[in-house]
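A.B. asks: can you look at this prediction? I've put the sequence above it.
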Amino acid sequence: MKRLCDDETNNGLEQLIGETVLLMCANYFYHGRIKALSDTDVELSEASIVYDTGPWDEEGFSDQQTLPGNVFVRLQAVESYVQK
């Protein structure tokens, strides 16, 4: 991705390491803190799966289930993401 800027900054998920995100994937939505990032996977700690977001302008999600331990999500499946 090219950007019009003078400084060199991290782009994409790399700049969000340590932050809480919602990964919107082909089949499921995953919520958690980015613990690590590789060329193929993102590792989420404090992870949960979101079955129903509810209204986007409200805090939290309508149906969010905590997952045991850290979760590894294939970057190939991620369609979009937001810092949440």
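C.D. replies: Received, thanks. Numbering: from 1, shown residues only.

A.B. asks: ok but residue 13 is inside a helix, no?
C.D. replies: Yes. Checked against DSSP: H, G, I helix; E, B strand; the rest coil, residue 13 lies within a helix.

A.B. asks: other residues contacting the strand of greatest length in the chain?
C.D. replies: With secondary structure taken from DSSP state E, the chain has its longest strand at strand 41-52. Contact with strand 41-52 is made by 13, 20-23, 28-37, 61-67, 69-75, 78, as judged by CB atoms under 8 Å, 6 or more residues apart in numbering. Just so you know, the C-beta spots here come from the backbone N, C-alpha and C atoms, and that holds for glycine as well.

A.B. asks: repeat that for 6 Å
C.D. replies: Strand 41-52 is contacted by residues 28-29, 31-36, 61-67, 70-74 when judged by CB atoms under 6 Å, 6 or more residues apart in numbering.

A.B. asks: mean confidence score for that strand?
C.D. replies: Mean pLDDT, strand 41-52: 96.

A.B. asks: after that strand comes which helix or strand?
C.D. replies: Later in the chain than strand 41-52, the nearest helix or strand by DSSP states H and E is strand 63-66.

A.B. asks: pairing partners for that following strand, with directions?
C.D. replies: Partners of strand 63-66 in the sheet, by DSSP bridges, are strand 41-52 (antiparallel).

A.B. asks: re the thing from before, what residues sit buried inside the longest strand of the chain?
C.D. replies: Under the neighbour-count criterion of 16 or more other CB atoms under 10 Å, strand 41-52 has 42-44, 47-50 buried.

A.B. asks: of these, which pair is most distant in space?
C.D. replies: 43 and 50 (17.6 Å; CB to CB).

A.B. asks: any idea which residue sits dead centre in this protein?
C.D. replies: residue 23 (3.4 Å; CA atoms, centre = their mean).

A.B. asks: do I have it right that that residue meets residue 30?
C.D. replies: Yes. With contact defined as CB atoms under 6 Å, residue 23 counts as touching residue 30 (4.5 Å).

A.B. asks: list residues touching both of the two?
C.D. replies: Common neighbours of residue 23 and residue 30 (CB under 6 Å, 6+ apart) are residue 73.

A.B. asks: ends of stretch 70-77, what's the gap?
C.D. replies: End-to-end span of stretch 70-77 (CA to CA, to the nearest Å): 17 Å.
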